[in-house]
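Test case, fold it:
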Amino acid sequence: MKHREKWEGAFWSVHQCGEWLLRLAVAHLLWIGGTLLGGVVLGIFPATAAMHEVLGGQGSGGNRDDRGIAAAFWYAYRRYFWRSQLLGYALLLSGVVLWGDLIFFLGLGTKWSLVCAALLAGISLLHTAICCHAFALLVRLDRGFWAGIRQSFWAVAAFPLHAMVTVGGVFLCVGIMLVLPALPILLGASALVWWMAVRTVRLLEKCERKATTQQLRGETYAV
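Residues are numbered from 1 along each chain as shown. This next block holds a predicted model:
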């Protein structure tokens with residue numbers, strides 16, 4: 001009887017893993033379709049926000065699994081279309097500026113230029129961490145693009161180690177996809193978005209616990 005329960009548990013785990021992989025693959029295909037629908041330039045950021053909605057669990061609009069992943073994706077695609085454009089291009093343009101400044105100061109080769117380059121490298125790392133959490137926060141908190149950037153900045157600043165692990169996981173996923181060329185075809189952006197969505201959920205939980213602890217301490221001091 002015990003062996004039967006173990007086998008049933010193992011088969012159920014395999015079944016859940018298969019469903020999860022299938023969900024990632026479907027989300028990747030929908031992301032490609034949404035990106036192409038907007039002509040890439042106007043489609044990539046809404047498609048990314050929509051993927052966060054379907055892979056990030058229960059978002060601002062509630063759990064839409066009963067509507068199907070495709071229905072939930074296209075609903076989120078329309079819902080976050082303009083906000084995701086503003087958020088995406090704000091992050092993209094600021095990243096280009098940081099990268100250009102970093103290359104410029106490295107090219108000068110002086111002592112002070114190298115100091116400035118090191119500062120810019122740190123700011124660029126912070127910018128990367130913000131990018132990894134901004135879209136997930138936009139979807140889960142359902143706020144404007146500027147509020148999403150601000151919330152992402154303060155959350156990353158409050159838990160920098162958590163943010164660095166998130167960034168490291170993103171680079172690790174990219175490295176694995178470069179080694180295994182079949183993965184980008186099957187999963188592509190969905191694996192990266194799933195990782196960032198999961199890490200953002202845990203980051204929000206940490207922020208909530210920290211806020212609750214500070215509130216309890218304040219009430220204790222008041223008493």
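
so where is this protein shaky, pLDDT-wise?
The model of the chain has pLDDT under 70 over residues 1-15, 57-67, 215-223.

middle-most residue in it, spatially?
The centre of the chain sits closest to residue 196, judged by C-alpha atoms, centre = their mean, with a distance of 3.3 Å.

how about stretch 152-165: buried residues?
Of all the residues in stretch 152-165, those buried under the rule 16 or more other C-beta atoms under 10 Å are 152, 153, 155, 156, 159, 162, 163. Placement of C-beta: from N, CA and C, glycine included.

Most widely separated two among those?
The most widely separated members of the buried residues of stretch 152-165, counting by C-beta to C-beta, are 153 and 162 (13.9 Å).

now, among the buried residues of stretch 152-165, which is nearest to residue 170?
Closest approach between those and residue 170, by C-beta to C-beta: residue 163, at 10.8 Å.

returning to that earlier point: right, and the secondary structure at the residue nearest to the centre of the chain would be what?
Under DSSP: H, G, I helix; E, B strand; the rest coil, residue 196 falls in the helix class.

mind listing what it touches?
Applying C-beta atoms under 8 Å, 6 or more residues apart in numbering, we find residue 196 in contact with 52, 132, 133, 135, 136, 166, 170.

Same question for residue 176.
Contacts for residue 176 (C-beta under 8 Å, 6+ apart) come out as residue 183.

That one looks like it's in a helix, true?
Yes - per three-state DSSP, residue 176 lies within a helix segment.

ok, so what distance separates it from residue 88?
Remark: distance between residue 176 and residue 88 (C-beta to C-beta, to the nearest Å) = 25 Å.

Same question for residue 36.
16 Å.

for residue 72, same thing?
Going from residue 72 to residue 88 by C-beta to C-beta gives 20 Å.

again, but for residue 193
According to C-beta to C-beta, residue 193 and residue 88 sit 13 Å apart.

So the two - more neighbours on which side?
With neighbours defined as other C-beta atoms under 10 Å, residue 193 and residue 88 compare such that residue 193 has more, 27 against 20.

Apart from its neighbours in sequence, what residue is nearest that one?
Spatial nearest neighbour of residue 193, excluding adjacent residues (C-beta to C-beta, 6 or more residues apart in numbering): residue 51 at 4.7 Å.

Now do the same contact list for that neighbour.
For residue 51, the contacting residues are 27, 30, 31, 73, 189, 190, 193, by C-beta under 8 Å, 6+ apart.

Need the max-distance pair from those residues.
Longest span within the contacts of residue 51, C-beta to C-beta: 73 and 189, 12.7 Å.

Counting neighbours, go ahead and name the busier of those two.
The neighbour count for residue 73 versus residue 189, taken as other C-beta under 10 Å, is higher for residue 73 (24 against 19).

Check which helix or strand the residue nearest to residue 207 when sequence neighbours are not counted maps to.
In space, residue 207 comes closest to residue 155 once its chain neighbours are excluded; the distance is 5.6 Å by C-beta to C-beta, 6+ apart. Using DSSP states H and E, residue 155 falls within helix 145-158.
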